[in-house]
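Undergrad: Using only what follows, build the 3D model:
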Amino acid sequence: MLRNNPYQLTTMATQHRIKGTRHFFSGTDTMKKGKRILVIDDEEVISFGFSMVLKEPGVEVDCAQTAEDARNLIAAHRYDVAIIDLRLSDSTEMEGFDCIRLLRSSQSNCRVIVLTAYGDNEVREQATALGVNRFFEKPMEPEILREALASFGVYRN
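TA: All right, here's what the predicted structure looks like:
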């Protein structure tokens, strides 16, 4: 089922032409007590896929493919959880760490989940030192991510 596997959503993402900052919303525009998730990943298929898997009534999902887009969204909204890929471009820089620092300084109550393909011990230790709540390596099953979000109170069990 596509809803359970964001890595199989290539066709859907291509059809929707996801580019840059995207907002995926499920619920009503006047939602006041809903939850808000930020997905930061430079691969549009993954961002789109996770937005499809994570959205449900009462949960808003914003997506950013660049550190600049992420900074703009963080400045504009309060997040309950951020899911962050550490490497956001073809460079060797791990821009995701900058996003984590920004969240920690401006939204200290936001839970942070790292989802990366670069999960060696040094990277994991650096993430832990920045206060990351969960650390996962790609690829991973979306249900594991949903369980982590449920443990943070995003979803009702």
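Undergrad: host element of the spatially most central residue of the chain?
TA: Nearest to the mean C-alpha position of the chain, by C-alpha atoms, centre = their mean, lies Val39 at 2.2 Å. For Val39, the enclosing helix or strand under DSSP states H and E is strand 35-40.
Undergrad: Show me which parts of that strand are buried, residue by residue.
TA: Of the residues in strand 35-40, 35-40 count as buried by neighbour count, 16 or more other C-beta atoms under 10 Å. The C-beta positions use only the backbone N, C-alpha and C, and glycine is treated the same way.
Undergrad: Sheet partners, orientation included, of it?
TA: Strand pairing for strand 35-40, using DSSP bridges, gives strand 59-64 (parallel), strand 81-84 (parallel).
Undergrad: Could you pull up the mean pLDDT of the last one?
TA: Strand 81-84 comes out with an average pLDDT of 97.
Undergrad: now it, how far from the centre of its chain.
TA: For strand 81-84, the separation from the chain centroid amounts to 4 Å (computed by C-alpha atoms, centre = their mean, to the nearest Å).
Undergrad: so after that strand, what's the next helix or strand?
TA: As assigned by DSSP H and E, the chain's next helix or strand after strand 81-84 is helix 96-106.
Undergrad: go on, the first one?
TA: Sequence order places helix 67-76 as the next helix or strand after strand 59-64, per DSSP H and E.
Undergrad: Give me the buried stretch members for that following helix, please.
TA: Within helix 67-76, the residues scored as buried using 16+ other C-beta under 10 Å are 67, 69-70, 73-74.
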